[in-house]
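Asks: When you get a sec, could you give me coordinates for this:
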Amino acid sequence: MTIPTEPIGSIPRAPELLEALRSHGAGQLSDDQFAAMRDQAVAETIQRMAGTGSPVLTDGEQSKPSFATYPITGLTSLAPDGVVIPFADGHQRQLPVLTSGPFRYQSRAVDYLRAAQRHSSQPIKQAVIAPSALSLLYPADGIPGYSREQFLDDLVNEAEADIRECLNAGAHVVQLDFTEGRLSLKLDPSGGVLDDLIALNNRVLNRFTEAERARIGVHTCPGGDQDSTHSLDVDYSGLLPKLFELKVGNFYLQFASEPDPEKVLAIVAEYLPAGARVFIGVTDPIDPRVETAEEVRDRVLAAARVLPADQLGTCDDCGFSPFADDTSTSREVAFAKIRARVEGTALAAAALGI
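Replies: Below is the predicted model:
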């Protein structure tokens, strides 16, 4: 036995890729030219991630406009004035809002997975957006002729297909990104919205067998964009007990940036389902300082004093660039942190004799 370690997802895009994204949007770069540049970026990212010693790879979300909006890019039935997500440093992100139905994904995560698999035979992990996040697209005042219930039925079908296609294509793990979980408690401290989000995600997850759910995970964090967060000030104790109700085999938790790690570990130990694995974040993508392998080792050993070693893994707190235009972290820092995570996890496993 060893301690598994996995990346979360995004890697900062190179300046050349960001310029290509701008040029393509302005009509100055053809679709074929843009596709070739994206494929080159994916290949280079996978090669560099493999060079860190990471046993599991991702495409770094190089081809996604953002972790949240890839399924709806190109959807014409959208208006720009959707839910606003405020960050602690004052900047905002805003989701679009749906204007008509039926709701259908415009692109599938399996296409990103297959593109990555062409460049490596190592296990490839695929991130997908949780259906709970996309449920925020439906307007509060409704859509004439297209009820919220109809929308949610369509959303559940689309989300199931997005996950299932990745599993069938050989993804090592499919990870649902659920950053809105903690944010929901900031918007609704009663927890009612969180309950609804959990229930919606479980509508999708209940369509999978236990064996399939062993290859499905969920990631949560307080947001990570332009070196800021949207909900780090929300107590983890309001989220974690509910989070562990999700019917998945793997939980990926932001942990390195938590102000009270012992409290978090105690909650995890109380609520972690039997047979599930929890991956604790041991590197903080927002912190510009690169952690040492020894620091990572010590975080893992602290967790191993509280959690069963056979249910423990490590990850990064969050993706390094969930939105394509986030250049607050360099590619060099991101890969250095991944290397520290891999090496520190190995040191911890050796110290534990596993």
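
Asks: Phi first, then psi, for the residue positioned nearest the centre of the chain.
Replies: Centroid-nearest residue in the chain: D177, 3.7 Å away (criterion: C-alpha atoms, centre = their mean). Here is the backbone geometry of D177 (degrees, to the nearest 10): phi -90, psi 120.

Asks: same question, L98
Replies: L98 has phi and psi values of phi -70, psi 140 when expressed as degrees, to the nearest 10.

Asks: Contact partners for D195?
Replies: K242 (C-beta atoms under 8 Å, 6 or more residues apart in numbering). In this view, the C-beta of every residue, glycine as well, is placed from N, C-alpha and C.

Asks: Correction: the previous question concerned P131.
Replies: By C-beta under 8 Å, 6+ apart, the contact set of P131 is L155, V156, E158, A159, L200, N201, R203, V204.

Asks: CA atoms only: put the strand or helix carrying the fifth one into PDB for me.
Replies: Mapping L200 onto the secondary structure by DSSP states H and E places it in helix 192-205. Coordinates of each C-alpha in helix 192-205 appear next as PDB, following Å, rounded to 0.1, in the frame of the first residue of the first chain:
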ATOM      1  CA  GLY A 192     -31.100  25.100   2.900                       C
ATOM      2  CA  VAL A 193     -29.400  26.000  -0.400                       C
ATOM      3  CA  LEU A 194     -26.600  23.600   0.400                       C
ATOM      4  CA  ASP A 195     -29.100  20.800   1.100                       C
ATOM      5  CA  ASP A 196     -30.600  21.400  -2.300                       C
ATOM      6  CA  LEU A 197     -27.300  21.400  -4.000                       C
ATOM      7  CA  ILE A 198     -26.300  18.100  -2.300                       C
ATOM      8  CA  ALA A 199     -29.600  16.500  -3.200                       C
ATOM      9  CA  LEU A 200     -29.300  17.500  -6.900                       C
ATOM     10  CA  ASN A 201     -25.800  16.100  -7.100                       C
ATOM     11  CA  ASN A 202     -27.000  12.900  -5.600                       C
ATOM     12  CA  ARG A 203     -29.800  12.600  -8.100                       C
ATOM     13  CA  VAL A 204     -27.000  12.200 -10.700                       C
ATOM     14  CA  LEU A 205     -24.700  10.100  -8.600                       C
END
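
Asks: buried residues in that helix?
Replies: Buried residues in helix 192-205, counting neighbours by 16 or more other C-beta atoms under 10 Å, are found at V193, L194, L197, I198, L200, N201, R203, V204, L205.

Asks: Assign a three-state SS to the residue nearest to the last one when sequence neighbours are not counted, would you?
Replies: Think L205. Spatially, and ignoring its direct neighbours in sequence, L205 is nearest to K247 (4.1 Å; C-beta to C-beta, 6 or more residues apart in numbering). Per DSSP: H, G, I helix; E, B strand; the rest coil, the secondary structure class of K247 is coil.

Asks: Let me know how buried K247 is, in neighbour terms.
Replies: Residues lying near K247 (other C-beta atoms under 10 Å) number 19.

Asks: coming back round to it: dump the helix or strand following the helix holding L200 to PDB, restricted to CA.
Replies: Proceeding N to C from helix 192-205, the next assigned helix or strand is helix 210-213, under DSSP H and E. This file holds the C-alpha atoms of helix 210-213, laid out as PDB (Å, rounded to 0.1, in the frame of the first residue of the first chain):
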ATOM      1  CA  GLU A 210     -21.100   1.300  -6.400                       C
ATOM      2  CA  ALA A 211     -18.200   0.200  -8.500                       C
ATOM      3  CA  GLU A 212     -18.600   3.200 -10.800                       C
ATOM      4  CA  ARG A 213     -18.900   5.600  -7.800                       C
END
